[in-house]
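# Sequence and computational prediction follow.
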Amino acid sequence: MMDTQVKAKPELEIVNEGQIPNLLVRGEVGAVLELIVKDKNGRVTDHRIMKSKSFVRQFLELLFVEFNKLPPKAALIMKDTGGFPRYIREGYRNFDCAGGVGDLARGIMVGTGTTAPTIDDYQLETRIAHGSGAGQLQYGGVTFGLPASDPTTSQFTITRDFANASGGDITVNEIGLYVVGWDGDARYFMAIRDVIGGGIAVPNGQTLTVNYREQAVV
Amino acid sequence: MLTANLILERLNKEGKLLERREQPSRSFVLQLMDLLYLKHAQADRATRDIYNALRTVDFNPNFGQINLEVASAPGHAGCAKVVTNVDRHLEGQDAGIQVGKGTSAPTPTDYRMADRINHGRSGAAGIPASFANPSFETGDLTGWTSATNGFMRVVVESAGWGYKDGTYYCALESTPDASVSPYGQAGHYAQVSQSIDLTNVTHIRFQLRGQGTWASSFAFEVWVDGRPVYRIELADDTDYPSRMVDVSSFTGIHTVTFKCIATAAFYAADHGAWIDNIETLNIVELEYGGCEIVNLTFSDPNGQFTIRRYFTNSSSASITVNEVGIQAMEQDTGSSGRAFLIARDVVSPGIAVGPGEILRVTYVPQITV
């Protein structure tokens, strides 16, 4: 059976100054995780906003690589999403998460795992596959909202839609962000992993939109 | 979640700890979000650099591979005193941890340190002496001594320079006779001089205009006693930039000369250099060491690394640091390296770094799951 293409359009809101949803405290750089479930008519059936808690070690490692402009001979060994060690060096692709439709290598990912995150997590516990088969969700392309700021907060948004055409309900319990690390080729690393308490149900025929709003609060 | 600790330590020249401060860093700013966005989205991004210019940062740099670079070589040696242009800075002090004197509270749209302390060794303990009649507002050369040769003159004028402050400025320029054969020649000059105590003067700043279509036949020089300390080839200016001369190596009374000298034949009147608003400054500087990024460690639920830089006070002034920040280098779509402020913190009260002392600034970015 051919995969059904995701038709839902990511909704990138223009945030007016002073109206940026802010769950972080002064001095924090983090992400606000927004989850929206819509039915086939676009009606919102569930909407949650929460503080993303879990940059994992690969995020800090990539920041270290970039800040240091590490050359190949001083590359940093990082564990990719397959659990393989990679010698990661400075490169323009580092942090790339602009995955296209159905791209399971980079971008926002969802899963059913419920184990609390640790700093050493390198992959989602149980990732949901792309597709319209049983237990699968259709991964849309990753889109981005441009950076903006208000008097206290600067931010930008990473968005991905997950459409459920599986024929059954699916509960998403974990969400992550996979990004590229460069060793001469693109390798893939998990930068963020969050577990959603109680999970969020995506009924058959409905679409889950995940917004990661990376923010810095002064 | 990522946070950062900011640690400031004041050391004596033997490295003994004299004072230690530790505070949470509050202030990652918009440019960090811009640069993370650029890398996540793999898209060029217009971002404001430390000189307030909107630069389109290239997500795929093809030269130098500069990307979010914070590690840095030391600032330049700062020892060249002849023909110094202190308006330009090398990468060594444009990337990495910065310090400044500004006290304004940080905002997300800060694009530069409020009052950055530049890399260098200058800084005097006292108040700088001033030039007499520094803007020629007496309408004449009171306080100044003039000299000319050939087809050159010194005149105090009141018209023709739209950007000058006050009423008057000083023209070091060609005479009407320059239009008549045998014409003006290379080496003809006009100058004004004044003796001044430079003990507490680190820099001399003035407005300079290259005047007339023949301005490119002239150079402008500043001399201290018998030697030049600054030289610029003139052109017919449409703006009137401030120029600054480093005189921090001089103490005591010296004769300072502002001189317009022909470098080629010239053929018309009213061409040369106009100067105004000559100021003396006491600019304090700290020597920027290299900025190192080390000690990446993890212990669940935490991870952290260290960004560190040493600042040495080689001046004779006590220098108070009120703000600390981080700048990153990126490459724009024109293949030029640009510096962007990504964090800025205010230190209150400021930390006074005495002559000969060292300030060690450490940022420790941390994540906690």
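On my side now, so go ahead.

# which strands and helices sit next to the strand ranked longest in chain A?
As assigned by DSSP state E, the longest strand anywhere in chain A is strand A:186-202. In terms of contacts (3 or more Cβ pairs under 8 Å, 6 or more residues apart in numbering or on different chains; DSSP states H and E), strand A:186-202 is packed against strand A:29-38, strand A:44-52, helix A:57-68, strand A:76-79, strand A:85-88, strand A:170-182, strand A:207-217. Every C-beta, even on glycine, is put in place using the N, C-alpha and C of the backbone.

# how about these in CSV, adding mean pLDDT?
CSV is the format used below for those (pLDDT from 0 to 100):
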stretch, mean pLDDT
strand A:29-38, 94
strand A:44-52, 93
helix A:57-68, 95
strand A:76-79, 97
strand A:85-88, 97
strand A:170-182, 97
strand A:207-217, 94
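
# Reformat the ones you listed as TSV; add mean neighbour count and distance to A:Gly131.
Shown next, in TSV, are the helices and strands packed on strand A:186-202 (neighbours: other Cβ atoms under 10 Å in any protein chain shown; distance: least, Cβ to Cβ, whole Å):
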stretch	mean neighbour count	distance to A:Gly131
strand A:29-38	22	19
strand A:44-52	14	22
helix A:57-68	24	26
strand A:76-79	17	27
strand A:85-88	18	27
strand A:170-182	24	12
strand A:207-217	24	15
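
# Can you add distance to B:Leu18 and give the ones you listed back as CSV?
What follows is the helices and strands packed on strand A:186-202, written out as CSV (distance: least, Cβ to Cβ, whole Å):
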stretch, distance to B:Leu18
strand A:29-38, 32
strand A:44-52, 40
helix A:57-68, 29
strand A:76-79, 35
strand A:85-88, 40
strand A:170-182, 42
strand A:207-217, 33
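
# do you know which of the ones you listed lies nearest B:Met329?
Across those, B:Met329 has its closest neighbour in helix A:57-68 (10.4 Å, Cβ to Cβ).

# is the closest one up against chain B anywhere?
Yes. With Cβ under 8 Å from any Cβ of the partner chain as the criterion, chain B is reached by helix A:57-68 at A:57, A:59-61, A:63-64, A:66-68.

# which residues sit against that helix?
Contact with helix A:57-68 is made by A:70, A:74-76, A:78-79, A:88-90, A:94-95, A:119-120, A:122, A:179, A:181, A:189-192, B:2, B:39, B:67-71, B:293, B:296, B:298, B:303-305, B:307, B:328, B:365, B:367, as judged by Cβ atoms under 8 Å, 6 or more residues apart in numbering or on different chains.

# B:Ser25: neighbouring residues, count only.
25 (other Cβ atoms under 10 Å in any protein chain shown).

# mind checking the backbone torsions on it?
Phi and psi for B:Ser25, reported as degrees, to the nearest 10, are phi -70, psi 130.

# who's in contact with the nearest residue to it once chain neighbours are set aside?
Nearest in space to B:Ser25, with sequence neighbours left out and distances taken as Cβ to Cβ, 6 or more residues apart in numbering or on different chains, is B:Ala4 at 3.8 Å. For B:Ala4, the residues meeting the contact criterion (Cβ under 8 Å, 6+ apart) are A:27, B:24-25, B:28, B:343, B:363-366.

# do the same with A:Arg93
Applying Cβ under 8 Å, 6+ apart to A:Arg93 gives the contacts A:180-182, A:186, B:42.

# Of those, which pair is most distant in space?
The distance between the two most remote of those (Cβ to Cβ) is 13.8 Å, for A:Gly181 and B:Gln42.

# unless I'm mixing things up, A:Ala31 is touching A:Ser54, no?
No. Using Cβ atoms under 8 Å, A:Ala31 makes no contact with A:Ser54, being 9.1 Å away.

# Name the residues contacting each of these two.
Shared between the contact lists of A:Ala31 and A:Ser54 (criterion: Cβ under 8 Å, 6+ apart) are residues A:Ile192.

# quick one: the helices in chain B?
For chain B, the helices defined by DSSP state H occupy B:30-41, B:91-94.

# Run a quick neighbour tally on B:Gly75.
Applying other Cβ under 10 Å, we find 25 residues neighbouring B:Gly75.
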